[in-house]
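J.: Structure for the following, please:
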Amino acid sequence: MARYTGPSTKIARKFGEPIFGPDKYFERRNFPPGQHGLAKKRKKSSEYGTQLKEKQKVKYTYGLLERQFRNLYEKASKMKGIKGENLIMLLESRLDNIVYRMGIAPTRAAARQLVSHRHIVVNGNVNSIPSVLVKPGDVIGVRERSKSLEVIQDSLAASANKYPWLEWDANTLSGKFLNLPDRTEIPETINEQLIVELYSK
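T.: Okay, the predicted model is just below:
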């Protein structure tokens with residue numbers, strides 16, 4: 001299963017924000033990577049460059065490669081409503097993202113690993129496909145034999161994020177995907193219109 005496995009802080013510095021979550025190394029060096037990262041004179045980016053950078057940022061944030069991302073965009077294009085918002089809703093509906101949002105994993109990469117290693121159940125059945133799209137009303141939880149895993153316990157203990165579109169039961173270590181989030185409720189700084197403009201060329 002293909003995924004990005006390179007240095008995360010370097011990518012976060014490229015985009016100027018901690019897109020992979022809290023990062024102490026990013027806080028220390030929050031300037032672009034490379035020999036000239038601290039140089040004040042930066043070449044102005046073209047319109048295409050700005051659009052491409054936004055697409056890459058979203059891909060890295062949600063942990064997708066180009067083909068997966070393009071397929072989701074095509075699916076979003078066929079849905080009713082605004083293309084860009086549809087794309088964000090589909091990204092938010094991925095199982096690995098839901099596991100991360102519920103606080104079961106500290107990062108989306110960790111959530112992807114938990115899913116692929118069969119620690120997560122959807123509606124009572126083990127699901128090992130991180131990219132599966134969860135539907136409103138589905139119940140996502142930790143597999144019974146995995147509830148004592150240290151990484152899950154530590155993540156839940158440190159998690160303070162509560163999202164209105166998710167319901168969490170700490171006793172059963174499971175939660176419900178209540179509904180698709182409103183675009184204004186998603187905390188990431190994403191300009192999805194730039195992505196639509198890029199793919200529309």
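J.: and the longest helix seen in the chain, how far out from the chain's middle?
T.: If you go by DSSP state H, the chain has its longest helix at helix 47-62. Relative to the centre of its chain, helix 47-62 is centred 14 Å away, using Cα atoms, centre = their mean, to the nearest Å.
J.: That one: what's the following helix or strand?
T.: helix 66-78 (DSSP states H and E).
J.: In contact with Phe177: list those residues for me.
T.: Taking Cβ atoms under 8 Å, 6 or more residues apart in numbering as the contact definition, Phe177 lies against 93, 98, 134-140, 165-166. For glycine as for every other residue, the C-beta is placed from the backbone atoms N, C-alpha and C.
J.: Just the mean pLDDT for the longest helix of the chain, thanks.
T.: Averaged across helix 47-62, pLDDT comes to 89.
J.: angle of it against helix 66-78?
T.: Interaxial angle, helix 47-62 versus helix 66-78 (axes from the mean of the first three to the mean of the last three Cα atoms, to 10 degrees): 100 degrees.
J.: give the contact list for the residue most central in space within the chain.
T.: Nearest residue to the geometric centre of the chain (Cα atoms, centre = their mean): Tyr62, 3.0 Å. If a contact means Cβ under 8 Å, 6+ apart, then Tyr62 has 91, 94, 97, 108 as its contacts.
J.: one more time with 6 Å, if that's ok
T.: Applying Cβ atoms under 6 Å, 6 or more residues apart in numbering, we find Tyr62 in contact with Leu91.
J.: Return the distance of it relative to Ile152.
T.: Noted for Tyr62: a distance of 21 Å to Ile152, by Cβ to Cβ, to the nearest Å.
J.: Using CSV, write down the CA coordinates of the longest helix of the chain.
T.: What follows is helix 47-62 as a C-alpha-only set of coordinates in CSV (Å, rounded to 0.1, in the frame of the first residue of the first chain):
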residue,chain,number,x,y,z
GLU,A,47,-0.9,31.2,-10.2
TYR,A,48,-0.2,27.6,-11.2
GLY,A,49,2.5,27.3,-8.5
THR,A,50,0.0,28.5,-5.8
GLN,A,51,-2.6,26.1,-7.0
LEU,A,52,-0.2,23.2,-7.1
LYS,A,53,1.2,24.0,-3.7
GLU,A,54,-2.3,24.0,-2.2
LYS,A,55,-3.1,20.6,-3.8
GLN,A,56,0.2,19.2,-2.4
LYS,A,57,-0.5,20.5,1.0
VAL,A,58,-3.9,18.8,1.2
LYS,A,59,-2.5,15.5,-0.2
TYR,A,60,0.2,15.5,2.5
THR,A,61,-2.3,16.6,5.2
TYR,A,62,-4.6,13.6,4.5
